[in-house]
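# Just a sequence and a predicted model for now, questions to come.
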Amino acid sequence: MTTATIIQSLASGLLMGLLYGLVAVGLALIFGLMDVTNFAHGEFLMLAMYITFFLFTFFAIDPLLSAPLVGGAMFLFGAVAYLFVIRFAMRAKANIGMVQIFTTFGLAILMRGLAQYFFTPDYRSINVSWLGGKTISFGGIFLPVPQLVGALVSLAAFGALYFFMKKTDFGRALEATREDAGAVALVGIDKNKVFALGWGLGSALIGLAGAVMAMFFYIYPDVGASFALIAYVTVALGGFGSVFGAFAGGIIVGLVEATTALLLPPSLKAVGIYAVYLLVVFIRPRGLFGSI
Amino acid sequence: MDEAHLKRRRRDLIVATVLACIAALVPLFVKDVYVQNIMVLTLMYAALSQAWNILGGYCGQISLGHALYFGLGAYTTALLFTKFGVLPWFGMLGGGLISAAIALALGYPTFRLRGHYFVIATIVIAEIGFLLFHNWDWAGAALGIDIPVRGDSWAKFQFTRSKLPYYYFALVFCCVAWLVTWWLENSKWGYWWRAVKDNPEAAESLGVVVFNSKMGAAAVSAFLTAIGGAFYAMFVSYIDPESVMTFQFSLLMALPAVLGGIGTLWGPVLGAVILIPLTELTRSFVGGSGRGVDLILYGTVIVLISLARPEGLIGLFSRRPASKGVPQ
């Protein structure tokens, strides 16, 4: 194992990590807002990838150009999912935690079934994007262009999200609701509206991630499941509800995965991520940046 | 202990005895092998869900990683039988003890985690188990283990001519899981679990007692789940990591309890009786096409029931809600 190999895989790990962060941040946002973990998160990602695929197949829109469209479509989907399903799960009088977990799980299974029914279980891919197959080299390190662009999209999205939360009225309402939903109702902010918009925003971020990932991953009904577990780990590593935690968690997960892949057979590369997750929460039960 | 409570417990026991007797007589009238197969699976899932319910329902520790214990039971039995010729009964017991020991070892760090951190830790731990077995050549890796037929007897736990012995074992297993729950419900642990579930902060102030009762729940739950795994391995005579250790499986063990009524004695039984035949029938009638109709149906049922009857279907049978819960 040469130094070059190690640097090469760490660089790829970093790019992948930024993308994991983008996949996870919507989850972190929704959790921070209303203490709900969306166990259909992976299926939201799968839907975004299919939307990207169909925009490409039927309208020949390149994934990078369709990313804002997919984000917008997912915004609507997330808000509708909140208004028609999640809102009712929040009203349960008994076993509220359990109801919320199993409602989103049910939604995940339903979405996967619908995807199999309408899109068939076939594997699909977008391999003729104008970025596809290109690589770029920095001092002997080769980076695939789609991944590099994906990482840049992720950085831009995190920057925009930070700006949005700090500088816009809705962002501030979101932040306030995160901190004290009860007090927010007293000053006349409609909690339901904020929650719906929060689900929309969180889902729009998954939409962006899905559009980028459609460039270099196969698209099939179960694709979300594998990324969802990584997203939960990413979010929990960073601390549930912390947007910065999702960013840092993503990078850690990407680097750990790359390191594990150097040491263990490829089929075991996820073990490293899971082991680091367990290690972190056993030492800090609220994640790295979560409030204790 | 008030009179009504004792009366309810006695009534539960009588109802259970009557239902068990009816279940024992059913195969005399139902000869169809396909239907018998579904009945075996229903009883097995009722027992597994009952086992899950001890930790997830009564104690409120939502584990979505019980596939690990199921897989350990299945693998211990299959490996001991095929590699060393050890009778499945010993494999079953060994698998149960290994699972209980692992549950205790894992409980030590994980029970400090709250809410979603705990749920995700259980998923992640089971996933690590899945990946390790998937890569473990001696245990058949991804190909799994084919259990050869070495006879047709209770000693070898193999029955080639009829499914009935499997049915009666599953029935006994289901009754044992129910009885264990019935007994624990009224034990010292049972009261502590309810305290942990209803008001963790107040219960935590009781300190070590709470922790020990959670550990007890984990060990009993894992032991019973592993017995189910051992049974399943002998019943289908072929196991691989995909069929016994995936996340999907953990979910399947929790669902009957959730649908029937979590933290109740009858919830898992009711949930399994509804859910398993429904799953098996939709799978064979429409699911074979691989078009996901079974998933659509399944997902819709879960969403509707969790939204409409958060306390589970068992609530339909009693005037008072099964669990009052904590107002949020």
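That came in fine, so what should we check first? Numbers count the residues shown, from 1 in each chain, chains lettered A, B, ... in the order given.
# And chain A, is whichever helix or strand B:Thr77 is part of touching that?
Element membership for B:Thr77 (DSSP states H and E) is helix B:67-84. No - using Cβ under 8 Å from any Cβ of the partner chain, we find that helix B:67-84 stays clear of chain A, coming within 12.4 Å at best. Every residue, glycine included, has its C-beta placed from N, CA and C.
# Quick check: what element follows that helix along the chain?
Next along from helix B:67-84, by DSSP H and E: helix B:88-110.
# so what's A:Leu208 scoring on pLDDT?
Among the per-residue scores, A:Leu208 shows a pLDDT of 94.
# actually B:Lys324, not the one I wrote
On the pLDDT scale, B:Lys324 gets 43.
# near chain B, anything from stretch A:41-61?
No - using Cβ under 8 Å from any Cβ, stretch A:41-61 never reaches chain B; the gap is at least 9.8 Å.
# Alpha carbons of that stretch, in CSV - could you do that?
Backbone C-alpha positions of stretch A:41-61 (Å, rounded to 0.1, in the frame of the first residue of the first chain) are rendered in CSV as follows:
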residue,chain,number,x,y,z
HIS,A,41,-35.7,8.7,4.0
GLY,A,42,-34.1,6.2,1.7
GLU,A,43,-37.3,5.8,-0.3
PHE,A,44,-37.4,9.6,-0.7
LEU,A,45,-33.9,9.4,-2.1
MET,A,46,-35.0,6.6,-4.4
LEU,A,47,-37.9,8.7,-5.7
ALA,A,48,-35.6,11.6,-6.4
MET,A,49,-33.3,9.3,-8.4
TYR,A,50,-36.2,8.0,-10.4
ILE,A,51,-37.4,11.6,-11.1
THR,A,52,-33.9,12.5,-12.3
PHE,A,53,-33.9,9.4,-14.5
PHE,A,54,-37.2,10.1,-16.1
LEU,A,55,-36.4,13.7,-16.7
PHE,A,56,-33.2,12.5,-18.5
THR,A,57,-34.9,9.7,-20.4
PHE,A,58,-38.0,11.6,-21.6
PHE,A,59,-36.8,15.2,-21.8
ALA,A,60,-33.0,14.7,-22.1
ILE,A,61,-32.3,17.0,-19.2
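# So which bits of it are buried?
A:41-53, A:55-56, A:61 (16 or more other Cβ atoms under 10 Å in any protein chain shown).
# Check stretch B:134-143 too.
Going by neighbour count (16+ other Cβ under 10 Å), the buried part of stretch B:134-143 is B:His134, B:Asn135, B:Ala139, B:Gly140.
# returning to what we had before: ok, so of the buried residues of stretch A:41-61, who is nearest chain B?
Taking Cβ to the nearest Cβ as the measure, chain B lies nearest A:Glu43 of the buried residues of stretch A:41-61, at 9.8 Å.
# In contact with the closest one, which residues?
Counting by Cβ atoms under 8 Å, 6 or more residues apart in numbering or on different chains, A:Glu43 touches A:Leu107, A:Ala108, A:Met111, A:Arg112, A:Ala115, A:Gly224, A:Ala228.
# Those: which two are farthest apart?
A:Ala115 and A:Ala228 (14.0 Å; Cβ to Cβ).
# Okay, now the unreliable bits of chain B?
Low-confidence segments of chain B, defined by pLDDT under 70, span residues B:1, B:207-208, B:286-291, B:318-328.
# which residue ranges form the strands in it?
B:145-146, B:238-239 (DSSP state E).
# Reformat the ones you listed as TSV; add distance to B:Lys7 and mean neighbour count.
Listed next are the strands of chain B as TSV, based on distance: least, Cβ to Cβ, whole Å; neighbours: other Cβ atoms under 10 Å in any protein chain shown:
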stretch	distance to B:Lys7	mean neighbour count
strand B:145-146	49	16
strand B:238-239	44	18
